[in-house]
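J.: predicted model, plus sequence, below.
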Amino acid sequence: MPSMQALERDQALTKPAYRILSEKFGEKVSRVTEYRGDLAITVDRAAWKEAARTLRDHPELDYKLFLDLCGVDYLNDESRPDRFEVALHLYSVTHKHHIRLKTAVPEKNPTCDSLTDIYKGANWFEREAFDLYGIAFLGHPNLTRILTHDDFVGHAMRKDFPTGKRFVSKKPKEWLLHVPKGSEHLVLNVGPSHPAMHGTFRVQVLLDGETIRDAAAEIGYLHRNFEKMAEERTYWQIIPYTDRLNYCSAFINGHGWALAVEKLLGVAAPARAEAIRVILSEFSRIMDHLVCISTNVVDLGAITPFFVVFRAREEIYDLLDSVCGARLTVSYVRIGGVAQDVPDDFDARCRKTLGWIREVADQMENLLTRNKIFADRFKDVGVMSKEDALSYGWVGPCLRGSGVGYDIRKDHPYSGYDQYDFDVPVGTVGDCYDRYLVRVEEIKQSARIIEQALAKLPKGDFITHDRKVALPPKSEVYSNIESLMNHFKLVYDGILAEPGEVYGYCEGANGELGYYIVSEGKKYPTRVKVRPPCYNIYQAYPEMIKGTMIADAVAMIGGLNVVAGELDR
Amino acid sequence: MPKVTIDGKEIEVAQGTSVIQAAELAGVRVPRFCYHDDLPVDGNCRMCMVEIEKFPKLQIACGTPVTDGMVVKTQVTSPKAKEAQKNTLEFLLVNHPIDCPVCDQAGECYLQDQYMDNGLHDSRTVLEEKIHKRKVVDIGPIMLDAERCVVCSRCIRYEREVTKTNLLEFVNRGGSTQISTYNGGPITHEYAGNLVDVCPVGALLSKDFRFKMRVWFLKETDSICPGCSTGCNITIDHRDGEAYRIRPRRNVEVNKSWICDPGRDLYKIIGTGRVTTAHRAGGAVVAQSDLIDEVVSKLQSAGPSSAFLATPRASNEDAYAFKKLAESVGGRLDFRVGNPQDKVAVRKDQILQREDRHPNTQGLLNLGLGVTGVDALLADCKAGKVQVLVLQDGGLLREAAVAEAAKNVAYVVAIATHQGPHLAAAHAVIPAAVWAETDGTFTNFDQRVQRFKRAFDPPGDAKPRWEIALDLLTRLGKPVNAATAADVFVEMAVETKAYADLTHRSLGPKGRAAAQASA
Amino acid sequence: MATSVITVNRDTRPGYYPIFYGMWLTLRNMLETLFVKGRSATIEYPEKKRNISTRYRGVHLLTAREDGTPKCVACYMCATVCPAECIYIEAGERPEKKIEKYPTRFEIDLLRCVYCGFCVDACPEEAILMSRENDLVGTSRAELVIDRENLMHRGKLAEVGTGYRPVDHDVRRPVRVAALERLKSEHGIVPGMPNRS
């Protein structure tokens, strides 16, 4: 039976987080579970804020990296006294440990203390939970809708909110900023449709000459409620939707999704599938970094690198096309493996593509790294301190640029990353230049990983033989009733996961891409929460640009690599 | 009462319970083909093997009665039982055709479900060696496919024990055994649909439902059959506001696992020939709100010279709201057109059907709707003493007596579900929902109050009858404090002794008996 | 493997050389594109088409039996698995007892379709495949809801070829292999795809 049952007390006391919290809060720590290696602690609402503070500040815990905060609606679970739950995910860089802190929120009085003064990153996540679930966070500085617009009625992610119900925004929000009357300052909208914006999101800035006095961001233009759709799809059917998250590196999203579901199911993909996934993920990462850097410098007026690197990107797309059957919307991973084996010329193609990557990466470096104009525009611009980066929940190249060497591929190896030899580059200052240098180095490291993976690409199955997870091979389906029935059941009933919840994560091109999945044992997941890396990153942007020049703001945005598909979901 | 331990869980069960039933009570479903809750045990499929302590061999769970202190291990805890079930399933599949794509049973097939739960074995058979039998045999309302049969004899036992018609039997032997009707003739009785439900695989399939929809798309809603006063428990299977079929829902106290074929066909009335807009005689469409205002003003001016004819097709909630409406203007009220009250408990056959073809005659009697006397009421209409006649069901105009009487009434209001030439006699037609489109309760011949649930929205402007009556009452200035059918039931329970301690919730899925000694 | 964190080198001593390098690179790329064959990254579309892979997931196809009727038996697997809910099927009865069922209507809304290829994966009859057709143009929404006949006779198929289709990598389970070998040795039968027509 599912091991989502609460841990025995003596077993729970071996977990430092539980021991310290229960010493401090006693009975208010109501439940602790460990499922598929995920430690989850439920506390009473009254202790919510202080529990989070303890997790952050206690030296033995040190959960400084804010990852995710979301609401969950357990409308159909009658065993729960309270309808909603708020789940917080944190990470301790020093102890290399993830934790989930939860608290129940009743339907009648859906409120909860805000964590905004503990973690800066909580701000937008709490707004999102308010927007989608109607959970009010007490003490939040600006509790307004974030992903839906102001003409939206109701809370879209609630289980009793009908799917497909739409509201048309009649009047877009004109003012994001509070402009004092009689102010001589100029208000400027950057985006949602603006050449210097990397996607459809918007920043409104208040300019004093060329200096930004105030700034506020608005997102949600590309919001399609992926998470709601996922609640009405089987685990398998969600795969194509993940391609549309960070569409610059679509494959990694699917990889992460497959890993999360495999974690939930407790199955593993065969070694060959994992190696194929690693190779394609690394190619996607390279592609993402190339696009990020080259579009960033386009904002600064340098168009040459853009044309140069797109040559390699085109080769990677061709490679993805030959393996997956599509350039961008790859839909190639499956739960328990990949859709089909790689083509015969895979190795040759990969090596050819690597050649292109090396060539253009060198050219790009020659064009940029020692370029005086470029360095002047990037050095000491957009400095993010280590502490703030963790508090905002920055991850990936941006966090590493600020000097924190957290890379999931190293710290929590998945898909066999522990077999490959590679380095994690970190910056020292945390400015745009560091973020650029980290990305350039990561391109080289990714190429290293690909070479090693290609060299020892294992033979064997490309998808698991587990009949509860993977479709049987077609020759079997055509010729025997057992596999045909198996095929039918998997298609119309989907993959059935035991009741339980996991947080699956992988190193996306932008950093930790997490999927928090809650299963109640049904055909469809009860809750899927994407932890989009750039949601945390973009959140810091309005604060970063305050007091800087408008031209520096433009230089900063590209290097943060905000992708609207992932930001708005 | 014997105590038995099933997979480590001890439960106490009634004397004579079989192991398979006890396991079900303990929350373990032992796989089965031939065992059926409402058929005699046969024990031929050997699928339900379990391990019982002190028995040297595995036993069939369906044919082994529980004794005190028995310790049973099902497939959940016993690898031996699991293996045996797996092997049985593999044998059953040896000659099974590769038919899932064309078989309507896919999605509710015991073979598929149990393969996924316990089997998951690789196939050792090859297509070319399979034995072929008769396929696509038309036997009346049923399509027979002998290749898909697992020879469980459920259908044969059903024919023998329930309908007592003995129309099906096994022919041939060994691997070639198959079911057949005598000389391939058709199934002639009115309970053929249940054969489809008892068949655990796709051997017997409904001709009516054939290829219409895949069952996994269908949503199930618990309901009550409105076909006669028996009140069989049913499930309506529907998708996107369209009903595709009706299946029996097990209720041992009413219909066991059976319903009749006429009841099964009733889903067809939901989607065809419906009244969707308010209109006047001749079909001129008017805004529903305007028409209701007009009806209100007519009722206000008519006062006691109005008459109200209820219908035993209406739910208790409908009837109660209608009664309130009649009382509010002081009009005459009755429902007994065609004297259904005399037939309410009279059997039509020895299985389920009753002579009274209305679902709620008893409910209306309980509510005291038969007051004025229907003959007197109609006679008054005929004599021109009635100014406004409100018909709770437009279909009442199909009755000659009502149609005749309505001719002499200045203003006839029909709350109608279905269109037809008879509606020409009505001056105002208000569209109404059928039972599947609203919540409500019926009281069957046996005073059992049973709840049915809303499966989907009514078409067009149609509304439930209770809602229309409440709307009229509100506009007449005498509102009833109720927003849902459950609220109306609460109001009704206050005034009606029979339902005094009942609510929609307390009725549960299987209904409860009304308190006696009312009406 | 031990964590190997390296610190990036910020001390790059920037200068003006990269600006001239950029000019040279652009000139070199221009000349190479003009004069070196196969160096150009662009093609003259639509006169020339990209060389897309044989796995490409383009517009769907319905395959036919030898008698020209659709291979599809209207089992609804594709419509069930479709994450975009773009497939609409109505089933009818065929006179042949071996097939029984076929689609009287089979429509795909290509504007809703996300070209994930799950319909191909889900098909138990090899009845739906994908072509490599990707330049889909229509003048109205209705035009791009294509019906059974259209799916069976895609005009451009001869030109573009088929794309994504089930490939059997022969990952048959050992017991199956044994059963098939027994069949071959005892009866001399080598089973292929079941003959359903």
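T.: Thanks, I have the structure now. Residues are numbered from 1 along each chain as shown, chains lettered A, B, ... in the order given.

J.: going forward, measure contacts and count neighbours with C-alpha atoms only.
T.: OK.

J.: quick one, what contacts residue 135?
T.: Here I'm looking at chain A. A:Gly71, A:Pro110, A:Thr111, A:Cys112, A:Ala129 (CA atoms under 8 Å, 6 or more residues apart in numbering or on different chains).

J.: same thing but at 7 Å, please
T.: A:Ile135 makes contacts with A:Pro110, A:Thr111, A:Ala129, as judged by CA atoms under 7 Å, 6 or more residues apart in numbering or on different chains.

J.: for C:Leu151, same thing?
T.: C:His60, C:Leu61, C:Leu62 are the contacts of C:Leu151 under CA under 7 Å, 6+ apart.

J.: give me that answer again for 6 Å
T.: Shown in contact with C:Leu151 (CA atoms under 6 Å, 6 or more residues apart in numbering or on different chains): C:Leu61, C:Leu62.

J.: tell me the most packed of the contacts of A:Ile135, by neighbour count.
T.: Neighbour counts for the contacts of A:Ile135, by other CA atoms under 10 Å in any protein chain shown, peak at A:Ala129, which reaches 24 neighbours.

J.: that one and B:Gln105, how far apart?
T.: Using CA to CA, to the nearest Å, we find A:Ala129 at a distance of 43 Å from B:Gln105.

J.: same check on A:Val491?
T.: Distance from A:Val491 to B:Gln105, by CA to CA: 15 Å.

J.: give me the more crowded residue out of the two.
T.: Per other CA under 10 Å, whichever of A:Val491 and B:Gln105 has more neighbours is B:Gln105, with 26 against 23.

J.: ok, for that one, nearest residue in space, not its chain neighbours?
T.: Once flanking residues are discounted, B:Gln105 sits nearest to B:Gly202: 4.9 Å by CA to CA, 6 or more residues apart in numbering or on different chains.

J.: now render the contacts of A:Ile135 as a markdown table, adding secondary structure and pLDDT.
T.: Compiled in a markdown table, these are given as follows (DSSP: H, G, I helix; E, B strand; the rest coil; pLDDT from 0 to 100):
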| residue | secondary structure | pLDDT |
| --- | --- | --- |
| A:Pro110 | coil | 89 |
| A:Thr111 | strand | 90 |
| A:Ala129 | helix | 91 |
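
J.: contact partners for the residue nearest to A:Tyr524 when sequence neighbours are not counted?
T.: Leaving aside its chain neighbours, A:Tyr524 sits nearest to A:Thr234 (4.9 Å; criterion: CA to CA, 6+ apart). For A:Thr234, the contact set (CA under 6 Å, 6+ apart) comprises A:Gly494, A:Lys523, A:Tyr524.

J.: again, 10 Å this time
T.: A:490-496, A:522-525, C:81, C:83 (CA atoms under 10 Å, 6 or more residues apart in numbering or on different chains).

J.: any idea which residue of the stretch 51-200 of chain B lies closest to chain C?
T.: As assessed by CA to the nearest CA, chain C sits closest to B:Pro101 within the stretch 51-200 of chain B, at 4.5 Å.

J.: so B:Ala307 is in which element?
T.: strand B:306-309 (DSSP states H and E).

J.: now do that strand: distance to the chain's middle.
T.: Put simply, strand B:306-309 sits 31 Å off its chain's centre (CA atoms, centre = their mean, to the nearest Å).

J.: what helices or strands is it leaning on?
T.: When contacts are defined as 3 or more CA pairs under 10 Å, 6 or more residues apart in numbering or on different chains; DSSP states H and E, strand B:306-309 packs onto helix B:288-302, helix B:316-329, strand B:332-334, helix B:374-382, strand B:388-391, strand B:411-416.
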